[in-house]
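Visitor: Sequence first, predicted coordinates after that:
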Amino acid sequence: MTDQQAGVGELVRVTHRGGTVGAAVWDYAGEMTLLRTFWDAAAAVDPAAGELDEARQMQPSDAAALGRLWSDAGLADVRTSAAVVSAAYADFDDLWQPLETGVGPAGAHVAGLDPDRRDALRTELRRRLGVGGSPPSGSPRAPGSRSEPWQADGRRTGRADVRGSRPMAELHFFTGTMDSGKSTLALQTNHNHAQRGRVGRIFTAHDRAGEATLSSRLGLTHEAIEVDDAFEFWRYVVTSLTQGGRIDYLICDEAQFYTPDQIDQLAKIVDELQLDVFAFGILTDFRSVLFPGSARLVELADRVNVLQVEALCWCGKRATHNARTEYGVMVVEGEVIVVGDVDNEAPAEPEHVAYEVLCRQHHRRRLTAARAKAVSLAPEPLPFG
Ligand SMILES: [Zn+2]
C-alpha cells in the first residue's frame, strides 16, 4: 500500500457502521525471523538488496504506528496486539524452494538473481540460520521460523469526524402540526448530513407536490422514494447495502402515513444496521386522533422532538391541532387521506377542502379563523353599559 491513509480510509468507507476494520502486518523489522534473516543475508551478498528490505517497504511495522493509523482514520475502540505464528520446515530446501517460485518481495528478489548470486545467497542464508550441511528430514537442526505479526482492529462509528466516541444510531421522530416546518427541517437535516460526506435516502408519502418528491412550504424540493403501503424499508436498505450501495441515514417525511409495520422496520434498521433514521410527521389527524404511523413512532422512537418552530392559532395561542374545513366549515369526520389518487394522476385535493391549525380550545369549539372573524363582526351586546 503506497498511501496508507487512503487505503485505510477506503476500508472504513466500505465497512458498515458498527463494523470492524482489522488488519495484520508482519513485523519485518523485528520478530519476523525468517524474512529478517533473509534480507540480512541478501544485503550481505548484495548491498543493493538492502533497498528492497521489507522492513523499509512495509510500514507501519510496529503496533503503535498501526494503532495510530487506525485512530487517525476515525475508528473507535482501537486495539492492537501481536499474534505468534510459527512455521517449521523439514529441512533447508523446504524453506528455500518456495523462495525460488518468486512469491512475495523475497521470492521476487531470489528469482531476479543470476545463478551465481542465487547460490551465494542460499549459502549465506543457510549459514545465518545455523543450518550446517544437509540435515536429514526431521533433524532437530531443521530450521524454524517464528513471527509476530502486529494486529489492529477498530470499529466504524459512521461519524468519522468524532474520534474515539461511540455514537449509537437512533430513531428520531420530529413532530408538530401541519405548518410547523417539518418538511423544511427534513430537507435541512438531509443537507447537513450530506455536507459531512454522509449518504442518505429520502422517503415521503402523499407529498403535496406529488409522488416521489419531498417539498416544503417554503418551496424547496428534493426527489424522494415514494412509500406506499406495500413498501418494505428493511428489504430496500438490505438490498441496497448488499449491492454495494452506501447508506448512512434515512430521512422519512410524511411518516404519519406509514404503516405501523413500516415503522417497526425503521426501528430494526436503526438497531441491526446502525443507521440513523430521522422521521418527520404530524401527530394527529383532523379528528384529533393519532395517525397509526405516528402512534408507532411515539412508541418506538429513541427521541421524540416537538418542533420548536411553532404554528399559532388565529387567537395567538400555540396551535396543536389540525383542522379540516369543507366549504369553510370545520369537519371532524371523513377520509383521513384526501390527497393522492390511485390512478397516479396529479393529486388533487377538492377545492372546497382546506386545512388550518388551531389551539386545542378552538379545535374543540370548531372555531376557525374565518368563523371567528364572522363572529367578531356580528353585532353583539357589550357586557357593560
Ligand atoms: Zn385558538
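Guide: That came in fine, so what should we check first?

Visitor: What segments of the chain are helices?
Guide: Counting by DSSP state H, one finds helices in the chain at the ranges 4-13, 33-45, 54-57, 63-72, 92-100, 104-111, 115-128, 182-195, 233-242, 260-273, 292-300, 360-364, 369-377.

Visitor: Which helix or strand in the protein has the lowest average pLDDT?
Guide: strand 144-147 (a mean of 60; mean pLDDT, DSSP states H and E).

Visitor: what number of residues lie near the closest residue to Asp248 other than its chain neighbours?
Guide: Nearest residue to Asp248 in three dimensions, chain neighbours excluded: Arg198, at 4.0 Å (Cβ to Cβ, 6 or more residues apart in numbering). (Glycine included, C-beta is placed from N, CA and C.) Residues within reach of Arg198, counting by other Cβ atoms under 10 Å, total 18.

Visitor: on that earlier part again, minimum distance to Ala224: which of the helices of the chain has it?
Guide: With Cβ to Cβ as the criterion, Ala224 lies closest to helix 182-195 of the helices of the chain, at 9.3 Å.

Visitor: could you give the mean pLDDT of the closest one?
Guide: The pLDDT scores in helix 182-195 average 87.

Visitor: Under the pLDDT cut-off, which ranges of the stretch 151-300 of the chain? List them.
Guide: Scanning the stretch 151-300 of the chain for pLDDT under 70 picks out the ranges 151, 157-166, 179, 217-218.

Visitor: and if we set it to 90?
Guide: Within the stretch 151-300 of the chain, the set of residues satisfying pLDDT under 90 comprises 151-168, 176-185, 187-188, 191-197, 206-222, 285-288.

Visitor: in it, what residue is nearest the ion?
Guide: Using Cβ to the ion, the point where the stretch 151-300 of the chain gets nearest to the ion is Thr177, with a distance of 12.2 Å.

Visitor: Up against the ion, what does the stretch 201-350 of the chain have?
Guide: 313, 315, 317 (Cβ under 5 Å from the ion).

Visitor: at 8 Å what do you get?
Guide: Residues of the stretch 201-350 of the chain that fall close to the ion, judged by Cβ under 8 Å from the ion: 313-317, 319.

Visitor: now, among these, which is nearest to Phe173?
Guide: For these, the nearest to Phe173 is Ala319 (19.1 Å; Cβ to Cβ).

Visitor: Just give the closest residue to that closest one, not the sequence neighbours.
Guide: Nearest one to Ala319, counting by Cβ to Cβ, 6+ apart, is Val357 at 3.7 Å.

Visitor: What distance do you get for the one you found to Thr177?
Guide: 4 Å (Cβ to Cβ, to the nearest Å).

Visitor: about what we covered before: quick one: buried ones out of the residues of the stretch 201-350 of the chain next to the ion?
Guide: Taking 16 or more other Cβ atoms under 10 Å as the criterion, what is buried in those is 313-314, 319.

Visitor: which residues touch Pro292?
Guide: 259-260 (Cβ atoms under 8 Å, 6 or more residues apart in numbering).

Visitor: Revised request: answer the last question for Ala111.
Guide: Neighbours of Ala111 in contact, by Cβ under 8 Å, 6+ apart: 100-102.

Visitor: Including pLDDT, could those residues go into a markdown table?
Guide: Formatted as a markdown table, these follow (pLDDT from 0 to 100):
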| residue | pLDDT |
| --- | --- |
| Glu100 | 81 |
| Thr101 | 78 |
| Gly102 | 77 |
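
Visitor: burial measure for the closest residue to Arg201 other than its chain neighbours, as a count.
Guide: Nearest non-adjacent residue to Arg201, counting by Cβ to Cβ, 6+ apart: Leu250, 5.4 Å away. Using other Cβ under 10 Å, Leu250 is surrounded by 23 other residues.

Visitor: Tell me what Leu250 is bridged to.
Guide: Per DSSP bridges, the residues bridged to Leu250 are Arg201, Val277.

Visitor: wait, it sits on Leu266?
Guide: Yes. Leu250 is within contact range of Leu266, at 7.1 Å (criterion: Cβ atoms under 8 Å).

Visitor: Find residues that contact each of those two.
Guide: 233, 277.

Visitor: hmm, back to that, would you mind giving the buried ones among the residues of the stretch 201-350 of the chain next to the ion as JSON lines with distance to Thr184 and pLDDT added?
Guide: Listed next are these as JSON lines, based on distance: Cβ to Cβ, whole Å; pLDDT from 0 to 100:
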{"residue": "Cys313", "distance to Thr184": "20", "pLDDT": "83"}
{"residue": "Trp314", "distance to Thr184": "22", "pLDDT": "81"}
{"residue": "Ala319", "distance to Thr184": "16", "pLDDT": "82"}
